[in-house]
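> I'll drop the sequence and a predicted model, then ask my questions.
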Amino acid sequence: GNSVTQMEGPVTLSEEAFLTINCTYTATGYPSLFWYVQYPGEGLQLLLKATKADDKGSNKGFEATYRKETTSFHLEKGSVQVSDSAVYFCALSELANDYKLSFGAGTTVTVRA
Amino acid sequence: DTEVTQTPKHLVMGMTNKKSLKCEQHMGHRAMYWYKQKAKKPPELMFVYSYEKLSINESVPSRFSPECPNSSLLNLHLHALQPEDSALYLCASSQIGGPAGNEQFFGPGTRLTVL
């Protein structure tokens, strides 16, 4: 089977601080990896994705690199803003599971002004 | 159009009511999903329609009944719900097959409260 493990937090930061959220995975084959973000009161939005080893996904100043050797997909942002306060979910999908999404537990991030 | 729409945004119902949640996408996707999400937890998959064929999560109680009238529409019929069914219900859609095709697009959700 497959699974995703991410640090659960909560994480509280000051504006302009560096953010990193660790995510590791287990998979049967060669998964695609995703970070989804959920702002308060909203649905999930795809933040970034990577579909093969060494791919770097990036969006809105966030980055994550698909590391097959360490089975990791850590999310980073160099300078967070109050508007980045949200819940972040790491997820994977692969053919062996009919491309269903497997989510991590989610990490709540709060950025203080 | 890269949007998944859901109605209603909020729903309050009693345990004896019958109601329906609606979801629509116009991206030509052939897979649609219903998820249940409790606060600050990851979404839990309830149902998948792939090319209008249903796949069920066996743990979902029968008081939830999905319907897929066509490839763009997905409904979730609710009957005799329990207070523990109160949650955010999310709809999603995706293309089928291949790494580029398995990204799921989520709607804004319906916030359901069962009294």
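Here it is on my side, so go on. Nothing here was measured: the structure is a model prediction, and the numbers come from that model.

> lowest confidence element among the helices and strands of chain B?
Ranked by mean pLDDT, DSSP states H and E, the weakest helix or strand in chain B is strand B:53-56, scoring a mean of 85.

> got the contact list for the very next helix or strand once past it?
Next helix or strand after strand B:53-56 toward the C-terminus (DSSP states H and E): strand B:64-70. Residues outside strand B:64-70 that contact it (Cβ atoms under 8 Å, 6 or more residues apart in numbering or on different chains) are B:32, B:34, B:46-47, B:49, B:52, B:54, B:74-79, B:85. Heads up, the C-betas are built off the backbone N, CA and C, glycines and all.

> again, but for stretch A:79-89
Stretch A:79-89 is contacted from outside by A:6, A:13, A:15-19, A:21, A:35-40, A:44, A:47, A:61, A:75, A:77, A:103-104, A:106-113, B:40, B:42, using Cβ under 8 Å, 6+ apart.

> and the residue nearest the centre of chain B, what is it in contact with?
Closest residue to the average C-alpha location of chain B: B:Trp34 at 2.6 Å, with Cα atoms, centre = their mean. When contacts are counted by Cβ under 8 Å, 6+ apart, B:Trp34 touches B:23, B:45-47, B:64, B:66, B:74, B:76, B:89-91.

> for the chain, what spans make up the strands?
Reading this off chain A. Applying DSSP state E to chain A gives strands spanning A:3-6, A:11-14, A:19-21, A:23-26, A:32-38, A:45-50, A:56-59, A:62-65, A:75-77, A:86-93, A:102-103, A:107-112.

> my bad, chain B
All strands of chain B, identified by DSSP E, fall at B:4-7, B:10-13, B:18-25, B:31-37, B:44-50, B:53-56, B:64-70, B:73-79, B:87-94, B:105-106, B:110-114.

> same list (these) but as TSV, adding distance to A:Ala53.
Listed next are those as TSV, based on distance: least, Cβ to Cβ, whole Å:
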stretch	distance to A:Ala53
strand B:4-7	30
strand B:10-13	43
strand B:18-25	31
strand B:31-37	26
strand B:44-50	27
strand B:53-56	29
strand B:64-70	36
strand B:73-79	34
strand B:87-94	22
strand B:105-106	25
strand B:110-114	38
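
> mean pLDDT lowest where, among those strands?
The weakest mean pLDDT among these belongs to strand B:53-56, with a mean of 85.

> list the helices and strands that strand packs on?
Strand B:53-56 sits against strand B:44-50, with contacts defined as 3 or more Cβ pairs under 8 Å, 6 or more residues apart in numbering or on different chains; DSSP states H and E.
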